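In: Model the structure of this input:
(3 chains)
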Amino acid sequence: MGKFLRTVFLVDLLQGLWVTFRNQHPKYIYTEQYPAERPRVAERYRGAPRLNINPDNGETLCISCNLCALACPENLIVVTSERNEVTRKKDLTTFTYDTSRCMFCGLCEDACPVDALELTQDFELASYTRDGAIWDRQMLEEGPRPTQYRS
Amino acid sequence: MPEATFLDSTELVLNMGPQHPSTHGVLRVILKLDGEKVMGTECIIGYLHRGVEKIAENRTYVMFNPYVDRMDYVAAVSNGLGYCLAIEKLLNVEAPPRAQAARVILTELNRIASHLLWLGTHALDIGAITPVFYCFREREEVLKIFENYCGARLTTHAFRIGGLVYELYDGFEQECRAFCDMFLPKVDEYEELLTNNRIWVSRLKGIGILSAEECKDYGVTGPVLRAAGVKWDLRKAMPYSGYEQYDFDIPTAQNGDTYDRYTVRMEEMRQSVRIIRQAVDKIPSGPIMGKVGKVVKPPTGEAYVSIEAPKGELGYFVVSDNSTQPYRVRVRPPSFINLQALDRMVRGGLVADVVAIIGTLDIVLGEVDR
Amino acid sequence: MADEPKPEGAEPVAKPPAAAAKPPAAHAPPKPPPTMATTPWESDLTKLLKDRFGDQILEFASYLGQNFLVSKPEAAIPILEFLKLEADFDYLVDITAADYPKRPERFDLFYILYSFGRNERIRIKTAVADGAKPATATTVHATANWLEREVFDMFGIQFEGHPDMRRILLPDEWEGFPLRKEYGLIQQDDRWVRENLNIESGQ
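Out: Predicted coordinates for the structure are as follows:
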């Protein structure tokens, strides 16, 4: 008898509907209003690559050891350098990073011995051309500059 | 094969094409129909074939690690675990206990995330639109933990050969515990929405029955096998990464139909929470990386290691020839082998049941095609 | 790991080519890579198999705790049947192959089996030549259907008696077998791409 009543009065369907209605309360709103509010990503987020600069003297931290290029599974880092006769060390000339093929795995970041190459928290890497995704040294040091959203 | 019941009927061949909202990826199913009844199916796969096994022969062991995440992209952490365990077996090293505990926690969170996505999309295929939002909301919490830990939500690359490379961040245990406490009532909420719902029951009960004998014959593993009544789980049968220390049950069911697979997976989520709670309470301290040199060069040999991925038995068969690149990496994909049983399960059913059965097999085309 | 006895005794890499202190003549340049350091495997199962199959099984071995046997190709399916019916190995986990182009029998075909009752895994390894057609395992295990199709697709090993021997992952008209060692990494069947996609393939 109870089962018959439960069937006729749609108890199971109403139970489900009650769950849905309960979740309509504004406190359960989960949507993030991007791009008005930019989401906060984690500290360890593997986003846009960046070549770090020594804050004291403005020179690059990269020592041109080429370990990042050797570690990359896709072979998309190309580092060129020239030997500085005065300091007997290698000076970085160009550093090319192809973000179109990068899978943001973090192996290059793990390989860098001086923490010069770092994957930052930038995730807005879009560009209009395929060549715009190949970043040179300047782009890597400054970082991508997406257009600000004007609401 | 059921007989056609209509006079003068030619079989209708319907193409459930690669672009379809319910096929969970690029799966093409050619249905031979008699009216609405399915007489036979043929699956055409390979639209997502990327040649991962060929790539493996041209990358070093360490470099190949990010590629395995992209096979079962829904549950990437398990793929990484299987691969790292296989290479560690070849090298004959074991990850330290702290790394093993962290691996267990992340893998069980990954299992919850995978089952949540399964539940959301399966319910959506059946027609219930609400569970998708709730499941993805909970999945967000899991992905936030992954992001805080390794920096990526989906293709995590969380594990390395020999252990972990990222130390557990401050607040990891609190966040895991908070997630567990928040999540268990939500599972009850999903059950409230679906389990006794008459539409759900009539769509799922008695559909796509696969008996235990057929499961073993077709090599089907995972929740599909457990729903047929076989109490078998690789975490208990051949424990790896410290699973023998944790206390959990293996949910099984009797009938082997779609509804049973649903109950099995819901219960698995609860058991995963139980494992996470136990593991988080006793994470040992110590190093997180085992004794693996900078260059990974296992001696010549072959090894097959498999884990209980959310979808079934995920196995890696690695043949090495004493160089830095593997000679052959074979991935035994659970979705590929489970998908073989589709033909057996849909015979005699209706077209709408095909959608339900594809959903209940929980396939990910990235893994089917590799 | 380092103290495992290696048959050849030395690392093939990082040896300066001039420092050949070994007696073999210097005109045989690369040393063959060391073979797998297996240990022999003995159990009641091996006795059963040896009684039944005799010299068709070439070796019982075990590597890192994983047991496998090497058999002649014609004996593979009878062994699978025997193991399923008599020894409770009712679950075929995987069928796969590896390519060793320099050997006359260039393919190594592997069958991996598991027994629920014994909780044991076993591998069967056979050597198959190019063009040879090993018998199909679909009569013994239904799961072999797609697994053998994939082996055919990737390596070109045709299985005798298979109900539906055609490609599974690649398009049916594709030419070439990708997992063979001579197939390039970014090589594609340019003719198929040009005909079906109307583009010149390339990376």
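In: For the rest of this, base every contact and every neighbour count on C-alpha atoms.
Out: Fine.
In: what about residue 18, neighbour count?
Out: The chain I'm using is chain A. 13 (other CA atoms under 10 Å in any protein chain shown).
In: nope, chain B please
Out: Neighbour tally, B:Pro18, other CA under 10 Å: 17.
In: Tell me if I'm right that it and B:Arg28 touch.
Out: Yes: taking CA atoms under 8 Å as the definition, B:Pro18 is a contact partner of B:Arg28 at 4.5 Å.
In: Show me whatever sits in contact with both of the two.
Out: The overlap between the contact sets of B:Pro18 and B:Arg28 (CA atoms under 8 Å, 6 or more residues apart in numbering or on different chains) is empty.
In: quick one: stretch C:183-198 near chain B?
Out: Yes: for stretch C:183-198, a contact with chain B is found by CA under 8 Å from any CA of the partner chain, at C:Leu185.
In: in that stretch, what counts as buried?
Out: C:188, C:192 (16 or more other CA atoms under 10 Å in any protein chain shown).
In: what about it and chain A, any contact?
Out: No: shown here: stretch C:183-198 not in contact with chain A (CA under 8 Å from any CA), separated by at least 12.8 Å.
In: So what's the gap between that stretch and the chain middle?
Out: 27 Å (CA atoms, centre = their mean, to the nearest Å).
In: got it, and stretch A:9-28?
Out: With CA atoms, centre = their mean, you get 38 Å for stretch A:9-28.
In: for it, how far is the first residue from the last?
Out: By CA to CA, to the nearest Å, the extent of stretch A:9-28 from end to end equals 29 Å.
In: And that stretch, what's buried?
Out: A:11-13, A:15-16, A:20.
In: C:Arg123 falls within a helix, correct?
Out: No: counting by DSSP: H, G, I helix; E, B strand; the rest coil, C:Arg123 falls outside a helix, being strand.
In: can you pull up the bridge partners for it?
Out: Beta-bridge pairing for C:Arg123 (DSSP bridges): C:Phe68, C:Ile112.
In: re earlier: so can I have JSON lines of the buried residues of stretch A:9-28 showing secondary structure, distance to chain B and pLDDT?
Out: Listed next are the buried residues of stretch A:9-28 as JSON lines, based on DSSP: H, G, I helix; E, B strand; the rest coil; distance: CA to the nearest CA, whole Å; pLDDT from 0 to 100:
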{"residue": "A:Val11", "secondary structure": "helix", "distance to chain B": "9", "pLDDT": "83"}
{"residue": "A:Asp12", "secondary structure": "helix", "distance to chain B": "5", "pLDDT": "82"}
{"residue": "A:Leu13", "secondary structure": "helix", "distance to chain B": "6", "pLDDT": "84"}
{"residue": "A:Gln15", "secondary structure": "helix", "distance to chain B": "7", "pLDDT": "84"}
{"residue": "A:Gly16", "secondary structure": "helix", "distance to chain B": "4", "pLDDT": "84"}
{"residue": "A:Thr20", "secondary structure": "helix", "distance to chain B": "7", "pLDDT": "87"}
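In: For the stretch 101-250 of chain B, which residues are neighbours of chain A?
Out: Residues of the stretch 101-250 of chain B lying near chain A (CA under 8 Å from any CA): B:130, B:137, B:147-152, B:156-157, B:189, B:192-194, B:196-198.
In: A:Glu109: which element?
Out: Here A:Glu109 sits within helix A:107-111, counting by DSSP states H and E.
In: again with C:Thr96
Out: When elements are assigned from DSSP H and E, C:Thr96 belongs to strand C:91-99.
In: is that strand anywhere near chain B?
Out: Yes: counting by CA under 8 Å from any CA, contacts between strand C:91-99 and chain B involve C:91-94, C:96, C:98.
In: For burial, what's the neighbour tally of residue 103?
Out: Since no chain was named, I'll use chain A. The burial count for A:Met103: 16, using other CA under 10 Å.
In: wrong one, chain C
Out: Other residues close to C:Arg103 by other CA under 10 Å number 10.
In: what's the distance between the residue in chain B that chain A sits nearest to and B:Ile145?
Out: The nearest approach of chain B to chain A comes at B:Gly151, 3.6 Å away (CA to the nearest CA). Using CA to CA, B:Gly151 is found at 9 Å from B:Ile145.
In: So between the two, which is more surrounded?
Out: Applying other CA under 10 Å to B:Gly151 and B:Ile145 shows that B:Gly151 carries more neighbours, namely 29 against 23.
In: which secondary structure element contains the nearest residue to the more buried one once chain neighbours are set aside?
Out: Leaving out its chain neighbours, the residue that sits closest to B:Gly151 by CA to CA, 6 or more residues apart in numbering or on different chains is A:Tyr45, at 3.6 Å. Assessed by DSSP H and E, A:Tyr45 sits outside every helix and strand.
In: how about the strands of chain C, start to end?
Out: C:39-40, C:57-63, C:66-71, C:91-99, C:107-115, C:120-128 (DSSP state E).
In: With the stretch 51-200 of chain B instead?
Out: Taking DSSP state E, counting those that start in this stretch, the strands of the stretch 51-200 of chain B run over residues B:159-160, B:163-164.
In: With chain A instead?
Out: Assigned by DSSP E, chain A shows strands spanning A:49-51, A:77-84, A:89-98, A:117-119, A:134-135.
In: what comes into contact with the fourth one?
Out: With contacts defined as CA under 8 Å, 6+ apart, strand A:117-119 is touched by A:45-52, A:62, A:104, A:106, A:108-109.
In: Take these and lay them out in JSON lines including distance to C:Met36, neighbour count and pLDDT.
Out: Compiled in JSON lines, the contacts of strand A:117-119 are given as follows (distance: CA to CA, whole Å; neighbours: other CA atoms under 10 Å in any protein chain shown; pLDDT from 0 to 100):
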{"residue": "A:Tyr45", "distance to C:Met36": "41", "neighbour count": "22", "pLDDT": "89"}
{"residue": "A:Arg46", "distance to C:Met36": "39", "neighbour count": "25", "pLDDT": "89"}
{"residue": "A:Gly47", "distance to C:Met36": "42", "neighbour count": "21", "pLDDT": "87"}
{"residue": "A:Ala48", "distance to C:Met36": "43", "neighbour count": "19", "pLDDT": "88"}
{"residue": "A:Pro49", "distance to C:Met36": "42", "neighbour count": "26", "pLDDT": "88"}
{"residue": "A:Arg50", "distance to C:Met36": "44", "neighbour count": "23", "pLDDT": "87"}
{"residue": "A:Leu51", "distance to C:Met36": "45", "neighbour count": "22", "pLDDT": "88"}
{"residue": "A:Asn52", "distance to C:Met36": "46", "neighbour count": "19", "pLDDT": "86"}
{"residue": "A:Cys62", "distance to C:Met36": "43", "neighbour count": "22", "pLDDT": "85"}
{"residue": "A:Phe104", "distance to C:Met36": "36", "neighbour count": "22", "pLDDT": "90"}
{"residue": "A:Gly106", "distance to C:Met36": "33", "neighbour count": "25", "pLDDT": "88"}
{"residue": "A:Cys108", "distance to C:Met36": "33", "neighbour count": "22", "pLDDT": "89"}
{"residue": "A:Glu109", "distance to C:Met36": "35", "neighbour count": "22", "pLDDT": "88"}
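In: Between all of the residues you listed, which two are separated the most?
Out: A:Tyr45 and A:Cys62 (21.3 Å; CA to CA).
In: rewinding a little: deepest of the strands of chain A, which one?
Out: Of all the strands of chain A, strand A:49-51 has the most neighbours on average by mean count of other CA atoms under 10 Å in any protein chain shown, namely a mean of 24.
In: What lies in contact with that strand?
Out: A:60-62, A:116-120, A:137, A:140-143.
In: Each with direction, which strands does it pair with?
Out: Strand A:49-51 is paired, per DSSP bridges, with strand A:117-119 (antiparallel).
In: tell me the mean pLDDT over the strand it pairs with?
Out: In this model, strand A:117-119 has an average pLDDT of 88.
In: and what of stretch B:29-45?
Out: pLDDT averaged over stretch B:29-45 gives 87.
In: in that stretch, what counts as buried?
Out: Using 16+ other CA under 10 Å as the test for burial, stretch B:29-45 gives B:29-35, B:37-41, B:43-45.
In: I'd like the contacts of strand A:49-51 laid out as TSV, including distance to C:Ser71.
Out: Converted to TSV, these look like this (distance: CA to CA, whole Å):
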residue	distance to C:Ser71
A:Thr60	61
A:Leu61	59
A:Cys62	56
A:Ala116	55
A:Leu117	52
A:Glu118	52
A:Leu119	51
A:Thr120	54
A:Arg137	58
A:Leu140	57
A:Glu141	60
A:Glu142	62
A:Gly143	60
